[in-house]
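Trainee: Sequence first, predicted coordinates after that:
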Amino acid sequence: MSPRTGVRVLCVDDHPDVAHTLVILFNLSGFEARECLDSSSAVAVAREFRPHACVVDVNMPVMDGCEVARRLREEFGPAVLLIALSAMHGDEHERRVVAAGFDLSFTKPPNLTRLLEAVASAEGRQKNAS
């Protein structure tokens, strides 16, 4: 199936089951999704894939999701929608993800309808950032 929306989504999570499930969800919903299981290569994968949105697990080894977000924001500026995905929540966590450059934050397991709506909004974001 070709993507209905033209929105490319990069899913960065060190847990293969989570990354695979997100890719399947996004692909079945008409997006073009790709996974990255290694936080340290996320920026290189994003450079090649040119995503409109990135869904990034916050708690990963080697490089946490906040550092991934900082690097993605530095590389792509405001054009890419950065979504934090984490088992953590609360005010301190929210301050941390906002400071890292994330636009939105979802607690695992996320509300899938809201996650899909957020990602769908990424296409217009890139047009506005140009």
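Mentor: Everything's here; your move. Numbering: from 1, shown residues only.

Trainee: C-alpha only now, for contacts and for neighbours.
Mentor: Noted.

Trainee: Spatially central residue for the chain, please.
Mentor: Centroid-nearest residue in the chain: V55, 1.7 Å away (criterion: CA atoms, centre = their mean).

Trainee: my guess is that residue contacts S86, does it?
Mentor: No - using CA atoms under 8 Å, V55 makes no contact with S86, being 10.2 Å away.

Trainee: Helices of this protein, start to end?
Mentor: Using DSSP state H, the helices of the chain run over 16-28, 42-49, 65-76, 91-100, 112-120, 122-129.

Trainee: Pick the most buried one from those helices.
Mentor: helix 65-76 (a mean of 20; mean count of other CA atoms under 10 Å).

Trainee: What is the distance between it and the centre of its chain?
Mentor: Distance of helix 65-76 from the chain centroid (CA atoms, centre = their mean, to the nearest Å) equals 11 Å.

Trainee: oh, and call the first residue 3 from now on, that's how I've got it
Mentor: In the new count, where the first residue is 3, that last one comes out as helix 67-78.

Trainee: tell me the mean pLDDT for it?
Mentor: Mean pLDDT, helix 67-78: 96.

Trainee: what does stretch 32-47 give?
Mentor: 95.

Trainee: And it, what's buried?
Mentor: Along stretch 32-47, these residues count as buried under the neighbour rule (16 or more other CA atoms under 10 Å): 32-42, 44-45, 47.

Trainee: Out of those, which sit inside strands?
Mentor: If you go by DSSP state E, the buried residues of stretch 32-47 have 34-38 in strands.

Trainee: what bits of the chain have low per-residue confidence?
Mentor: For the chain, the stretches with pLDDT under 70 are 3-7, 126-132.

Trainee: Contacts only, for R52.
Mentor: Taking CA atoms under 8 Å, 6 or more residues apart in numbering, we find R52 in contact with R10.

Trainee: Tell me the bridge partners for the residue nearest to the centre of the chain.
Mentor: C13, I85 (DSSP bridges).
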